[in-house]
Structure formats: C-alpha cells, structure tokens
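Visitor: from the sequence below, what's the structure:
(one chain, ligands or ions: 1)
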Amino acid sequence: MPLALDHLRRALAERVRFYNELGIYDFYQREPRLSEVAEHASATDVALTPESESQLEVREEMSARKSAAVQTVAGESAFEILQPKPEYGVADPVAALKLIREDLGDCTRCKLHLQGRKQIVFGVGNPHAELMFVGEGPGADEDAQGEPFVGRAGQLLNNMIKAMGIRREDIYIANIVKCRPPGNRTPERDECETCSPFLMRQIAAIKPKVVVALGAVSAKNLLAINAPMSELRGRWYDFKPAGVRSNDPSWPGARLAVTYHPAFLLRDPRQKGEAWKDLQMVMKYLGLEPPKKPADEVPAK
Ligand code: SF4
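Guide: Below you'll find the predicted structure:
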C-alpha cells in the first residue's frame, strides 16, 4: 500500500475510533461528489451542463483534495468493519461468536493464508468470560492443534492463570492474527489490520471486564499506540473495541492491562516478577484471591 494511502487510512481509523468513543457507530457511504461525477464524465466524454460546471468549481474551491482518494479508502477494510455485522442484535455471546466464526470462514483476507498455515486459530474459552488474554499470533503447536497458547508459552500462561486463582476454562484466549506467521515471525501491520477486526468483534461479543494484552504487538494493535513495553505496562487503559459495537449498549467497555508475552518470559525468566505485578493489578480489580499454594512458575520473586 502506498505510504500516503496508508497514512490516510490510519488517520481515518483514528477518526472512526473517536466517533466510536462518542457513541457513534453507524456510518454511511455518501453519494459521489460532483467532482467525481466530473472526473467520470470527462473520462467517458459525457458533457456537463453549465449549471453543474459552476457547482463543480465551487466544490473544488472548497475541497482542495481530490475526493476520489477518500473513495478509494472507503473501499478498504477500515470501512468494512463499520458495516452492520451478523452478530449485531444477538445477545447470547455463544451465538454471536458462532456467527463471527462463520463470517470469518476459510479466510483468505491476508497473505498469511498462503504462508503455510494448517488451520485458523479462532480463540478458545468461556464466551461469558470476565477476563480475556490476547496474544500475538499462533505458533507451530497452536497451528497444529487449532487452539491458542498450547505450546511451552501456553504452559506458562496456564501457570500464570492458575496463580491468579482461576482456571483456563474460565477465561477467553485469542490472538491479534489467527493464522501462524511463517517461522514465528512477528505479524506484519497489514496482516494485523486485516485480521484484528474479527478479534474486536469477539471482544465486543464477550464483553469482558478486563483484557490483558500479552506483549507489545498485542498492546500496540489493541490500543493503536506505539510505545515500548516499559511505558505500556503498569497502568490501566479504558478500552472499547475499535470499529464495532457491542450488542449490549450498557457495556461500558473493558479495562485493559499490558504484560509480557509468556514466550518472552521463557526467554527472560527474570521478568516473571514484573509480570506477576501486572497480574496482581488485574486480580485486585477483579477481586481475585491467589490460591493458598502458589503455582510453580509464576510468581517468581
Ligand atoms: S490471519 Fe486473519 S485475516 Fe489473515 S488469513 Fe488468517 S484469519 Fe484471515
């Protein structure tokens, strides 16, 4: 995607997020402007009336930028996510998630579908969960089993969950992208932007109290901010999934916390204590008590 168009699209997504925060979710594609009609007319040798020509001059003076560029962006996925979705109006999260999964289908929307994925890893857990963990993308084990966080990093995540006094089946776990990036590389921006609207819809359907972003890729995509982990961690964010609306208008959105990805903790176990601080912040908010006998792996002090 050309840089200018990419920039325009991001700016548009930011504006949409702003409107969402104001409670505005429905957008409609406007009729083409006269300038576009004129472009089309000149391209097809259709004569303009004097009246339409003078209107056209006024329009062009008011808008220095070619509106055709906006029309191009309107066709991109940034606008696709604003259209009504099959799960809107479905109160039951189980049914809503099923509709989202059906809508995803055998997805070929981004290039990851061509890069060796065995299957789509949609997400797993309790559709009524108060707590969601969101990672980056499936690895080899997840790709093979069709479930997020089942490899070594998954084992550590299970221990983290256990240390919080809850069970894996009580929460919901998903990733920013649902197909394995080859060689476990970091998912690229276009892949995240194409896939994450489905995650946003999952979050809006589940309506958790807390979302925990595991790692910088997850945090940056959920929050649409670019900052190092040292700045992202240790605080709460008010979070509403971008570009979608919940079937429950009374849902105020979730609180979002950022912590280290378990795969990073496997590489640098010294950071487990820091991760435990993040989880304790979440536990305090949710009123969770750690079990009497702490889990083996986390906390590490
Ligand atoms: S990563 Fe997401 S958008 Fe890309 S092919 Fe897989 S499911 Fe589709």
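Visitor: residues in the stretch 51-200 of the chain within reach of the ligand, list them.
Guide: Proximity of the stretch 51-200 of the chain to the ligand, by CB under 6 Å from any ligand atom, involves residues 104, 107-110, 112-113, 120, 177-179, 191, 194-195. In this view, the C-beta of every residue, glycine as well, is placed from N, C-alpha and C.
Visitor: in the stretch 201-301 of the chain, which spans are strands?
Guide: 210-214, 237-239, 254-259 (DSSP state E, counting those that start in this stretch).
Visitor: most packed of these?
Guide: strand 210-214 (a mean of 25; mean count of other CB atoms under 10 Å).
Visitor: what strands line up against that one, and which way round?
Guide: Strand 210-214 has these partner strands in its sheet, going by DSSP bridges: strand 131-135 (parallel), strand 254-259 (parallel).
Visitor: just tell me which of these ends up closest to residue 84.
Guide: Among the strands paired with strand 210-214, strand 254-259 comes nearest to residue 84, with 22.3 Å by CB to CB.
Visitor: who touches the closest one?
Guide: Strand 254-259 has contacts (CB atoms under 8 Å, 6 or more residues apart in numbering) with 132, 203, 207-214, 218-219, 222-223, 229, 232-233, 235-240, 274-275, 278-279, 281-282, 285.
Visitor: coming back round to it: want to throw the strands paired with strand 210-214 into CSV with mean pLDDT?
Guide: Converted to CSV, the strands paired with strand 210-214 look like this (pLDDT from 0 to 100):
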stretch, mean pLDDT
strand 131-135, 98
strand 254-259, 98
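Visitor: figure out which of these is closest to residue 290.
Guide: strand 131-135 (14.5 Å).
Visitor: export the closest one to PDB, keeping only CA atoms.
Guide: Extracted in PDB, the C-alpha atoms of strand 131-135 (Å, rounded to 0.1, in the frame of the first residue of the first chain):
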ATOM      1  CA  LEU A 131     -11.100 -11.800  31.600                       C
ATOM      2  CA  MET A 132      -9.600 -12.100  28.200                       C
ATOM      3  CA  PHE A 133      -5.900 -12.700  27.300                       C
ATOM      4  CA  VAL A 134      -4.900 -11.500  23.800                       C
ATOM      5  CA  GLY A 135      -1.600 -12.700  22.300                       C
END
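Visitor: for the chain, spot the helix or strand the model is least confident about on average.
Guide: Sorted by mean pLDDT, DSSP states H and E, the helices and strands of the chain end with helix 67-74, the least confident at a mean of 29.
Visitor: quick one: the helices in this structure?
Guide: Assigned helices in the chain, in chain order: 3-21, 34-44, 50-62, 67-74, 77-80, 93-104, 140-145, 152-163, 189-206, 216-223, 229-232, 262-267, 272-286 (criterion: DSSP state H).
Visitor: lowest mean pLDDT across those helices, which one is that?
Guide: Mean pLDDT is lowest for helix 67-74 among the helices of the chain, at a mean of 29.
Visitor: rewinding a little: closest one to the ligand among the strands of the stretch 201-301 of the chain?
Guide: Shortest separation from the ligand across the strands of the stretch 201-301 of the chain is recorded for strand 210-214, at 17.2 Å, computed as CB to the nearest ligand atom.
Visitor: which residues are in contact with that closest one?
Guide: Strand 210-214 is contacted from outside by 130-136, 157, 203, 219, 222-223, 232, 239, 254-262, 278-279, 282, 285-286, using CB under 8 Å, 6+ apart.
Visitor: buried among the residues you listed? Need that as a selection in PyMOL.
Guide: In PyMOL syntax, the buried subset of those is picked out as below (16 or more other CB atoms under 10 Å):
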select buried, resi 130+131+132+133+134+135+136+157+203+219+222+223+232+239+254+255+256+257+258+259+260+261+262+278+279+282+286
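Visitor: the residue lying closest to residue 291 once chain neighbours are set aside: neighbour count?
Guide: Setting aside the residues directly before and after it, residue 291 is nearest to residue 165 in space (CB to CB, 6 or more residues apart in numbering), at 5.1 Å. Neighbour count of residue 165, defined by other CB atoms under 10 Å: 16.
Visitor: my guess is residue 165 meets residue 287, correct?
Guide: No: look at residue 165 against residue 287 with CB atoms under 8 Å: they stay out of range, at 10.2 Å.
Visitor: how long is stretch 149-169 end to end?
Guide: Start-to-end span of stretch 149-169 (CA to CA, to the nearest Å) is 13 Å.
Visitor: I misspoke; the intended subject was stretch 129-142.
Guide: For stretch 129-142, the end-to-end distance is 21 Å (CA to CA).
Visitor: same check on stretch 111-124?
Guide: 23 Å.
Visitor: next: stretch 202-215.
Guide: Stretch 202-215: ends 19 Å apart by CA to CA.
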